[in-house]
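J.: Could you look at this predicted model? Sequence included:
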Amino acid sequence: VPWLKKHLSTKKSLDQIVGALTNIGLEVEDVIKPDANLKLFKVVKIIKTEKHPNADKLKICDVDVNGKLEKVVCGASNARDGLLTVYAPPGAVIPKNGMKLVVAQIRGVESKGMLCSESELGVSEISDGIIEIKNKKVGENFFKNSDDVIDISITPNRSDCLGIKGIARDLSAYGLGKLIEEKKIKLKEQSKKKIKVVIKKNSGCNTFGSLYIEGIKNCESPKWLKKDLKALGLKPISAVVDITNYIMFDLNRPMHAYDSEKINGNIIIRQSKNGESFEALDEKKYNIPSNACLITDEKKILGLGGIIGGQSSAINFDTKNIVLEAAAFDPVKIAKVSKQLGIITDAKFRFERGVDPNSIESGLKLAAKLIQEICGGKISKINIIGDQKFIKRKVKFDINNFKKLIGFSVSSKDCQKILGTLGFKIKVKKQVLDIDVPSWRPDVNQEADIIEEILRIKGLDKVSSISPLSNQNKPALSYHQKLFHLVQRSFASRGFFETISWSFTNSKFNQYYTDQSIKITNPISSDLDVLRSSNFVNLILQAKSNLDRSNLNLQMFEVGPVFKADLTQETIASGILVGKKISSTWIDSDQDFNVIDAKEDLYFILSDLGLSLDNLVIEKSDKSYYHPGQSGNIFLGNKKGPKVGSFGTIHPLILKKMDIQKSNIIGLEIYLDNFIEPKKPSRISKKQLKKYDFQTVERDFSFILDKNVRAGDLVSLIKKTNEIIKSVNVFDVYEGENIEKDKKSLAIKVQFEPTDKTLNDKEIDELSDKIILAAKSLGGSLRSQ
């Protein structure tokens with residue numbers, strides 16, 4: 001919070017700041033108050049030390065803790081009588097490692113608490129002995145005025161708020177205080193030294209700013225800088241490195257510092273080559289992909305641009321001369337390369353979201369000023385090369401559109417005040433504002449974005465609640481969307497299990513369903529390298545996986561897009577039947593699924609979708625992936641009407657090539673895009689179930705017919721012989737021994753459902769005679785005759 005107040009002049013409380021952040025869309029995840037733990041660390045005096053009886057290097061210290069003596073076992077060589085130091089009691093958490101202290105037995109002696117070193121307290125890296133204190137009183141808190149920390153979740157579009165100044169700017173616009181204007185920094189050019197920088201084409205770096213500082217004395221950072229960085233969870237390293245980190249979190253300007261003595265010749269920014277590698281600052285070696293942006297010299301790699309620096313030019317306490325870098329990198333390249341290498345850094349996090357390209361010079365100036373103040377040195381002239389022109393974005397905003405979109409009015413004066421405080425430049429033309437978008441706001445591109453800015457500062461609570469309309473005349477789903485969901489339910493009602501697979505598939509198998517596959521340029525897998533030309537490709541692959549695991553009887557379906565060679569697509573519902581179906585009686589053995597079963601399922605589903613079965617026509621299938629003698633296409637009205645479905649046995653050669661040998665597979669397809677929406681919306685309804693009290697009767701017939709006679713024609717003819725015929729189903733087709741070559745045997749089951757009385761034998765025989773006559777009209781005869 002004190003860091004925030006370096007940019008925002010405000011007297012508001014912590015709770016008010018937290019509330020304001022939430023109101024303007026900056027989500028507060030946590031408020032961390034470190035005081036409770038840090039207040040436990042007290043200044044104490046060692047009254048007496050004596051040697052530990054069971055350990056040569058340990059001492060037992062009698063410690064004055066604000067008037068109370070405690071015994072503490074200590075291994076520090078500088079522990080001595082009269083020394084003022086820092087004591088952490090049982091229950092305290094050590095800042096360096098998060099260890100919680102307890103009363104412990106150390107070599108047989110009880111120790112209550114711990115005497116701390118500077119390293120353990122997190123005030124420096126010095127760990128040789130316990131801290132020695134002067135000019136403090138026994139009982140005082142060692143840590144004073146520890147800062148409250150607000151943890152904010154920044155959404156990807158608000159990269160400007162990854163810097164504390166950006167958050168202060170938003171709070172200022174909300175009215176929580178006044179944004180403190182930055183003082184202009186004027187650097188005195190004292191050094192003529194510089195390193196030449198060259199940016200190669202396609203490097204991924206648009207602009208590169210640099211500055212040379214010679215004769216520095218790198219040291220530990222001052223307390224204020226350490227304090228600010230520690231509040232963010234960062235570990236202080238050295239003044240130069242800490243300053244670059246400070247500016248990154250302060251202004252959202254990532255920077256990097258190079259030891260110039262370790263640079264050979266010019267700095268070259270280029271795209272990486274195959275086979276390159278380097279050791280990064282995290283002490284890991286990375287094999288660099290070919291599309292990375294590299295910062296190099298004439299001999300070696302200095303760093304991965306915008307992601308992480310290298311060990312070859314790292315800063316240390318012996319560094320005398322440095323080169324500061326502030327640059328603009330390609331966000332897409334940063335994101336891709338960091339993901340490929342698995343590197344996550346604060347710089348990468350910012351560059352891939354967007355960093356203000358106009359902050360290069362200001363970042364270099366502030367860094368140089370702080371380094372000179374803390375480490376000394378002579379500063380060179382700033383050198384910026386590359387594309388330094390920021391393309392200004394302009395947006396026109398009609399104030400009247402605010403009410404149209406949000407529901408309440410806002411004055412032109414309020415709009416100008418809010419936008420002006422946020423850094424937008426405005427020209428007023430009556431009710432229209434011509435707005436220049438600031439360079440640090442890559443997320444603002446259109447009028448709706450301007451309205452959003454005004455709304456979140458004005459207050460989302462100002463938007464009135466409106467009850468939803470009671471009557472929704474417009475249907476929520478379109479006709480074809482309803483068909484999509486209805487066909488899913490209908491398949492499921494027939495015992496099918498739904499599968500959902502990729503729209504991609506294996507070109508090796510897809511070629512069985514098309515002459516030309518659509519290849520994917522960058523497939524996620526070598527087995528998913530083309531767009532599927534049929535749902536059967538993935539369905540049959542899934543069936544094979546089940547068959548290989550002894551799951552032999554399957555009914556599966558999928559509804560989704562298939563893709564044609566002309567780059568069009570259509571939605572098809574496809575199902576497959578595999579293995580055996582359960583017999584209708586206990587005495588019969590289970591039978592293999594056949595093409596008749598697929599046709600029956602298809603007719604049932606088409607009826608569910610609102611089509612009249614009497615208006616469907618079956619023709620020979622033109623699909624090469626079906627068995628030519630066991631397949632058909634279904635048209636609406638006549639063979640010139642829309643094709644609404646197809647069914648058939650999957651061609652045995654395809655199954656053989658897919659190593660499916662012990663099972664046949666039957667398929668059915670419904671072409672949902674060919675369904676025509678009725679001109680007048682109508683509800684799909686089924687006939688009311690009629691229940692009669694009279695016994696139904698079933699009779700089986702087997703007819704000898706010419707091979708060219710279609711089973712569907714015979715079924716339709718039999719249905720017309722009498723209105724009490726409830727159903728006619730084909731249950732067997734036979735060609736072979738005892739049947740003439742140009743003939744076939746067709747077995748059908750006919751169910752009679754009388755409505756007014758129970759049928760006697762004579763009446764059943766009369767109905768049977770009519771059925772036989774119907775078959776004779778097609779040239780057929782009873783097989784028994």
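T.: Thanks, I have the structure now.
J.: Same question for stretch 153-167: list its buried residues.
T.: 154, 158-167 (16 or more other CB atoms under 10 Å). Every C-beta, even on glycine, is put in place using the N, C-alpha and C of the backbone.
J.: For stretch 507-525, measure first residue to last.
T.: End-to-end distance for stretch 507-525, by CA to CA, to the nearest Å: 12 Å.
J.: typo on my end, stretch 105-125
T.: 28 Å.
J.: Now that stretch: buried residues?
T.: For stretch 105-125, burial by neighbour count (16+ other CB under 10 Å) applies to 106, 109, 111-123.
J.: all strands for the stretch 601-750 of the chain, in order.
T.: For the stretch 601-750 of the chain, the strands defined by DSSP state E, counting those that start in this stretch occupy 616-619, 626-636, 643-650, 665-671, 697-706, 725-734, 743-752.
J.: Just give the strands next to the second one in its sheet, each with its orientation.
T.: Looking back up the chat, that one is strand 626-636. strand 616-619 (antiparallel), strand 643-650 (antiparallel) (DSSP bridges).
J.: could those strands go into CSV alongside mean pLDDT, mean neighbour count and distance to Thr571?
T.: Below are the strands paired with strand 626-636 laid out as CSV (pLDDT from 0 to 100; neighbours: other CB atoms under 10 Å; distance: least, CB to CB, whole Å):
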stretch, mean pLDDT, mean neighbour count, distance to Thr571
strand 616-619, 91, 17, 20
strand 643-650, 96, 24, 13
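J.: Need phi/psi at the residue most central in space within the chain.
T.: In the chain, the residue lying closest to the centroid (CA atoms, centre = their mean) is Pro156, at 12.5 Å. Backbone torsions for Pro156, taken as degrees, to the nearest 10, come to phi -60, psi -30.
J.: May I have the residues that are in contact with it?
T.: By CB atoms under 8 Å, 6 or more residues apart in numbering, the contact list for Pro156 reads Arg353.
J.: do the same with Asp356
T.: 160, 252-253, 439-440.
J.: Could you single out the nearest of those residues to Val750?
T.: Of all the contacts of Asp356, Val750 sits closest to Asp160, with 78.5 Å by CB to CB.
J.: which stretch among the strands paired with strand 626-636 comes nearest Gly82?
T.: strand 643-650 (94.4 Å).
J.: Could you give the separation of that closest one from the chain centroid?
T.: 38 Å (CA atoms, centre = their mean, to the nearest Å).
J.: Contacts for that strand, please.
T.: 536, 540, 576, 594-595, 598-599, 602, 606, 611, 616, 621, 623, 625-627, 630-636, 664-671, 674-675.
J.: unless I'm mixing things up, Phe703 is touching Ser777, no?
T.: No. Phe703 is beyond contact range of Ser777, at 11.5 Å (criterion: CB atoms under 8 Å).
J.: Just want to know which of those two has more residues nearby.
T.: Phe703 (25 against 9; other CB atoms under 10 Å).
J.: Out of the strands paired with strand 626-636, which is closest to Lys217?
T.: strand 643-650 (80.5 Å).
J.: which ones are touching the nearest residue to Ala173 once chain neighbours are set aside?
T.: Sequence neighbours aside, Thr421 is the residue nearest to Ala173 in space, at 3.9 Å (criterion: CB to CB, 6 or more residues apart in numbering). Residues near Thr421 by CB under 8 Å, 6+ apart: 169, 172-173, 179.
J.: Mind checking which of those land in helices?
T.: Per DSSP state H, helices hold the following members of those: 169, 172-173.
J.: for these, which one is nearest Ala448?
T.: Taking these together and measuring to Ala448 by CB to CB, the closest member is Ala173, at 18.5 Å.
J.: which residues touch the closest one?
T.: Ala173 neighbours (CB under 8 Å, 6+ apart): 24, 418, 421-422, 457.
J.: on that earlier part again, got the strands of the stretch 601-750 of the chain as a markdown table, with distance to Ser359 columns?
T.: Output for the strands of the stretch 601-750 of the chain, formatted as a markdown table (distance: least, CB to CB, whole Å):
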| stretch | distance to Ser359 |
| --- | --- |
| strand 616-619 | 70 |
| strand 626-636 | 66 |
| strand 643-650 | 62 |
| strand 665-671 | 58 |
| strand 697-706 | 86 |
| strand 725-734 | 78 |
| strand 743-752 | 83 |
